[in-house]
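Colleague: With the sequence up front, the predicted model follows.
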Amino acid sequence: MSVQEAALYGDLVLALRDYAAAQLAALSPEGDVNAARACLDEFIRTWFFTPQKELYDSAPREVIWREQLGEQNPLPKKYAAEAYGDDCPICQAMREEIESAESDEAHGHFWGYCPDTCLLELYDPQGAEERWQKEFARMEAAREEREQAQSVAPDYTPPPPPVPQLDPETFLSVLRRPWLDPELHRAGQKLVERCDVPLPTVSGGAPYRRITHNEALSLLAGLHQQGVDIQALLAQIEAWPYQNVALDWLSEPEQNVALICQAMETKIAPDDEAELARFRHHREFILTLARLVPPGARLWLSGWLEAVAYGAMMSQVA
């Protein structure tokens, strides 16, 4: 049974109640039950086939069959002013779009029948009041839970970077170890889910965008060639409790840490412990990454980021 059909059956019950009461009151003691049943059947049939103003001149049968066929209810053009009667420019534009359409089906505006109340509320107002009180209490509890979660910074302690082992045997074994494609693609997917590429400031849009999968593979291969421990880097990114990791944190750690320290001293209220904790987490995270990415790899990464930004800018110009 569809939603609109169930709602319309509630209306039918009320209408049938009123009609049956009038019919029973008029029946004589010798009244024929079959005749009364036939009258009720005729009333129900007439109700299904009679257009209603509440349904924008559709009959209940039309609404039910449309929904069962997966079709929508087109808004008749003559009801455009009633449906979009506000003075806001958007409402007026939608009203003009409906009124200027060739037909009721051509403008693309539809309506659905879903009353604000149900039939049970009419017979059980106390239960309806209790139901809404519980609903509002749940909403308030969820709102307070969200606010509390936002006011407290998550726990974060950077995992200790691995101690480099530079003995000849380890060096030669790593040198001979090939990159396995599945492992490389899994690592690339992790970067796609977390890492952002800085955009040129002249673009006028968002300062960052998410790294693509092909870019992530290129970045991983380059960092690996520059001597970066990729597994240790991914472990730090996975332990990061926030969503985004800006790649210029890796290429310019000193500048980013300086900006964070300046913000902690000048822009954050001293009593805002949650915000101070978030900034401390960012500072510790960037400093930990700096220990994993040597200066030569940072220089290479800066050039890689500039090349990616230049390519994006040229694609926009083209």
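Modeller: Everything's here; your move.
Colleague: Check what pLDDT residue 21 gets.
Modeller: The model reports residue 21 with a pLDDT of 73.
Colleague: That one looks like it's in a strand, true?
Modeller: No: secondary structure of residue 21 (DSSP: H, G, I helix; E, B strand; the rest coil): helix, not part of a strand.
Colleague: how near is it to residue 36?
Modeller: Separation of residue 21 from residue 36 (Cβ to Cβ, to the nearest Å) stands at 12 Å. In short, each C-beta sits where N, CA and C put it, glycine included.
Colleague: Who has more neighbours out of these two?
Modeller: A direct count of neighbours by other Cβ atoms under 10 Å for residue 21 and residue 36 places residue 36 higher, at 15 against 10.
Colleague: Backbone dihedrals for the residue most central in space within the chain, please?
Modeller: For the chain, the residue nearest the mean C-alpha position is residue 243 (15.1 Å; Cα atoms, centre = their mean). The phi/psi pair for residue 243 (degrees, to the nearest 10) reads phi -80, psi -50.
Colleague: Touching, it and residue 194? I think so.
Modeller: Yes: contact criterion Cβ atoms under 8 Å: residue 243 and residue 194 qualify, at 7.0 Å.
Colleague: so who does the residue nearest to the centre of the chain touch?
Modeller: By Cβ atoms under 8 Å, 6 or more residues apart in numbering, the residues touching residue 243 are residue 194.
Colleague: just the one 10 residues further on next, same as before
Modeller: Residues touching residue 253, when contacts are defined by Cβ under 8 Å, 6+ apart, comprise 286, 287, 289, 290, 293, 298.
Colleague: Quick check: the fifth one vs residue 193, distance?
Modeller: Read it as residue 293. In this view, residue 293 and residue 193 are 20 Å apart by Cβ to Cβ.
Colleague: which of those two has more neighbours?
Modeller: residue 293 (21 against 14).
Colleague: Just give me the neighbour total for the closest residue to the more buried one other than its chain neighbours.
Modeller: Excluding its sequence neighbours, the residue lying closest to residue 293 (Cβ to Cβ, 6 or more residues apart in numbering) is residue 250, at 5.1 Å. By the criterion of other Cβ under 10 Å, residue 250 has 24 neighbours.
Colleague: Next: residue 248.
Modeller: Quick note: residue 248 (other Cβ under 10 Å) scores 18 neighbours.
Colleague: just checking, it touches residue 254?
Modeller: No: using Cβ under 8 Å, residue 248 is not in contact with residue 254, being 11.5 Å away.
Colleague: Spit out the contact partners of residue 276.
Modeller: Contacts for residue 276 (Cβ under 8 Å, 6+ apart) come out as 264, 268, 270.
Colleague: Residue 265 versus the closest residue to the last one other than its chain neighbours, what's the distance?
Modeller: Counting by Cβ to Cβ, 6+ apart, residue 270 lies nearest to residue 276, which is 7.9 Å off, once chain neighbours are set aside. Residue 276 sits 11 Å away from residue 265, going by Cβ to Cβ.
Colleague: do residue 75 as well
Modeller: 58 Å.
Colleague: Among those two, which residue is more densely surrounded?
Modeller: Ranked by neighbour count (other Cβ under 10 Å), residue 75 and residue 265 place residue 75 first, with 22 against 9.
Colleague: Please tell me I have it right and the more buried one contacts residue 104.
Modeller: Yes: between residue 75 and residue 104 a contact is recorded at 7.0 Å, counting by Cβ under 8 Å.
Colleague: Residue 8 and residue 113 touch, don't they?
Modeller: Yes: with contact defined as Cβ under 8 Å, residue 8 counts as touching residue 113 (6.8 Å).
Colleague: Overlap in contacts, the two.
Modeller: residue 63.
Colleague: what packs against the biggest helix by length in the chain?
Modeller: The residue-count maximum for a helix in the chain (DSSP state H) belongs to helix 125-151. Contacts defined by 3 or more Cβ pairs under 8 Å, 6 or more residues apart in numbering; DSSP states H and E place helix 125-151 against helix 119-123.
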